[in-house]
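Chemist: model this:
(2 chains)
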There are 2 protein chains.
Amino acid sequence: MECDQEVCLPDQLTIGLLGGTGPQGRGLALRFGLAGHRVLLGSRDPDRAAGIVAELVGGRDLDIKGVGNADAAAAADVVFLVFPFAGQADVLPELAEAIGDRVVVDVVNPLGWDEQGPYLLEVPEGSAAEQAAALLPRARVVAAFHHAAPRLLADPERQVETDVLVAGDDPAARGLVLELADQVPGCRGVDAGPLRMARHLEGFTAVIVGINRRHKIHAGLRISRLGDDKRRRLNAELRPARGSGGLKERSASPPENRDREEGP
Amino acid sequence: MECDQEVCLPDQLTIGLLGGTGPQGRGLALRFGLAGHRVLLGSRDPDRAAGIVAELVGGRDLDIKGVGNADAAAAADVVFLVFPFAGQADVLPELAEAIGDRVVVDVVNPLGWDEQGPYLLEVPEGSAAEQAAALLPRARVVAAFHHAAPRLLADPERQVETDVLVAGDDPAARGLVLELADQVPGCRGVDAGPLRMARHLEGFTAVIVGINRRHKIHAGLRISRLGDDKRRRLNAELRPARGSGGLKERSASPPENRDREEGP
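Modeler: Model prediction:
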């Protein structure tokens, strides 16, 4: 596809949102639908997913369908995990085969709440995204979209004012998700490095949720002093070559040799 | 003191920067000196501190002096910890008596570095700031200023473009540090809640350091959709009453009963 736009869109993708019936899943479905992608909003209960999609789409001309989680995974180019954290470890093993070696975007925030407010749950693997990577050893897992407020995602009249920090060990997968982030009005994709950074992205959600509660806002975060030209140029270096059909393929060389961070 | 300025300055404070000879300590010393405070830049070696201060002040009319760490602590209204993390646990016990029940601002980022870039070190207490609180049981510890780039702090011609997230269990101490943050041009103090949030502030530094390295910038972070009027009003609610001389005093009521987060 020729790219003559400010943000270079990938070809239309099929995006599967697993556990997508909650506010985050619905909001992302709407935004990716508006960006021109085909969206499969997955649930354990396909009928429930279909009902939610009917309400979400309203009369608009959007290619969003409600399906079962495994069907959403099997038909997708990119799989988003938008389960509540409590469900992730139970649900992923039974979806691992359908997910295969796809790019997986873990949006899960493992948060608890007590009398002091929000806090990050202990995850033995280090983060929800690293837990997903452990349960989906063939998948190319990245962590992203933690700080996009569901309330803003849900309202197509509003900008989602946040940078979307993207962490993952597969540079091409990171590059793809950075590009998707740029397609949501108000969002900027920012490369946050390897997957082990996911714990800090998830943890920062606890900070933002607390700020939201105190100030009664829907905050996001911006990386300051990061110019868009340089950001876009570096993000583009991560992207898979156009027309390579490589979205579902893992590169032959291991991630640690392909990341420009590890270059000389 | 009357307050007719946009940001309501506290009376001139004496600010002690312990382990202040590194880039972060020098930059904060300069900025707090420029804000009109008396600054004591502390080091194990008072002569070294004095030499660094002479260079830092140049010909400017700033009240900054280089002294030993214990002297900086004993004379200060507010104590900043700007040690390298590796030194904190060794140095604090011998300074605990001099620090006493003062407001302590832990700026320490417990970061390591390997072939994948920066990462957060494991701290048994949960964070560098919680380690400091454990070693200084009488002090009123807050975590702040992790994301203020030393390079920008050091250049008085430039704005330090970052929100300063302030976490701590003592609301009045948090309020004071939020006010100090607002005095650095380009910074905004943002209440980040209880001290247990410190681990996420420290961890996010690893994310920013990685972004800096990839993009060759001196990034900070901004909380989006947080209006200044509401931010200042909520921060002001945390401040100790003017003229109470209460900076070194701990309130009689325990922090958990004084924090508006725990209110009905």
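Chemist: Going along the chain, name the strands of chain A.
Modeler: A:14-18, A:38-43, A:64-68, A:78-81, A:103-106, A:111-114, A:117-120, A:140-143, A:162-168, A:187-193, A:220-224 (DSSP state E).
Chemist: Make a markdown table from those and add mean neighbour count to it.
Modeler: Any C-beta I mention is one placed from the backbone N, CA and C, and that applies to glycine too. As requested, the strands of chain A are exported to a markdown table (neighbours: other CB atoms under 10 Å in any protein chain shown):
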| stretch | mean neighbour count |
| --- | --- |
| strand A:14-18 | 27 |
| strand A:38-43 | 28 |
| strand A:64-68 | 22 |
| strand A:78-81 | 29 |
| strand A:103-106 | 30 |
| strand A:111-114 | 12 |
| strand A:117-120 | 21 |
| strand A:140-143 | 30 |
| strand A:162-168 | 28 |
| strand A:187-193 | 26 |
| strand A:220-224 | 23 |
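Chemist: could the ones you listed go into JSON lines alongside distance to A:G25 and mean pLDDT?
Modeler: Listed next are the strands of chain A as JSON lines, based on distance: least, CB to CB, whole Å; pLDDT from 0 to 100:
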{"stretch": "strand A:14-18", "distance to A:G25": "5", "mean pLDDT": "98"}
{"stretch": "strand A:38-43", "distance to A:G25": "6", "mean pLDDT": "98"}
{"stretch": "strand A:64-68", "distance to A:G25": "11", "mean pLDDT": "98"}
{"stretch": "strand A:78-81", "distance to A:G25": "7", "mean pLDDT": "98"}
{"stretch": "strand A:103-106", "distance to A:G25": "12", "mean pLDDT": "98"}
{"stretch": "strand A:111-114", "distance to A:G25": "16", "mean pLDDT": "97"}
{"stretch": "strand A:117-120", "distance to A:G25": "20", "mean pLDDT": "98"}
{"stretch": "strand A:140-143", "distance to A:G25": "16", "mean pLDDT": "98"}
{"stretch": "strand A:162-168", "distance to A:G25": "16", "mean pLDDT": "98"}
{"stretch": "strand A:187-193", "distance to A:G25": "16", "mean pLDDT": "98"}
{"stretch": "strand A:220-224", "distance to A:G25": "18", "mean pLDDT": "98"}
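Chemist: would TSV of these with distance to chain B be doable?
Modeler: Below are the strands of chain A laid out as TSV (distance: least, CB to the nearest CB, whole Å):
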stretch	distance to chain B
strand A:14-18	24
strand A:38-43	26
strand A:64-68	27
strand A:78-81	21
strand A:103-106	16
strand A:111-114	10
strand A:117-120	6
strand A:140-143	11
strand A:162-168	6
strand A:187-193	4
strand A:220-224	4
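Chemist: Could I get those strands in TSV, plus columns for distance to B:L178?
Modeler: Formatted as TSV, these follow (distance: least, CB to CB, whole Å):
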stretch	distance to B:L178
strand A:14-18	39
strand A:38-43	42
strand A:64-68	43
strand A:78-81	36
strand A:103-106	33
strand A:111-114	24
strand A:117-120	17
strand A:140-143	30
strand A:162-168	23
strand A:187-193	26
strand A:220-224	18
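Chemist: nearest to B:V108, of the ones you listed?
Modeler: B:V108 lies closest to strand A:117-120 among the strands of chain A, at 19.7 Å (CB to CB).
Chemist: ok, and what's touching the closest one?
Modeler: For strand A:117-120, the external contacting residues (CB atoms under 8 Å, 6 or more residues apart in numbering or on different chains) are A:110-113, A:199, A:202-203, A:205-206, A:209-210, A:213, B:193-194, B:196, B:199-200, B:261.
Chemist: same deal with stretch A:53-66?
Modeler: Outside of stretch A:53-66, the residues within contact range by CB under 8 Å, 6+ apart are A:26, A:29-30, A:33-34, A:37-43, A:46-52.
Chemist: could you redo the last one with a cut-off of 10 Å?
Modeler: A:12, A:14-15, A:17, A:20-21, A:25-27, A:29-30, A:32-43, A:45-52, A:67, A:71-72, A:75, A:154, A:156 (CB atoms under 10 Å, 6 or more residues apart in numbering or on different chains).
Chemist: what distance separates it from the centre of its chain?
Modeler: Between the centre of stretch A:53-66 and the centre of its chain there are 20 Å (CA atoms, centre = their mean, to the nearest Å).
Chemist: if we can go back for a sec, show the buried residues in the contacts of stretch A:53-66.
Modeler: By neighbour count, with 16 or more other CB atoms under 10 Å in any protein chain shown, those hold A:14-15, A:17, A:20-21, A:25-27, A:29-30, A:32-35, A:37-43, A:46, A:49, A:52, A:67, A:71-72, A:75, A:154 as buried.
Chemist: since we're on A:H147, how many residues are nearby?
Modeler: A:H147 is flanked by 27 other residues according to other CB atoms under 10 Å in any protein chain shown.
Chemist: residue contacts, it?
Modeler: A:H147 is in contact with A:107, A:109, A:160-165, A:187, A:201-202, A:204-205, A:207-209, A:219-222, B:223-224, counting by CB under 10 Å, 6+ apart.
Chemist: please redo it, this time with the cut-off set to 6 Å
Modeler: When contacts are counted by CB atoms under 6 Å, 6 or more residues apart in numbering or on different chains, A:H147 is found next to A:162, A:208, A:220-221.
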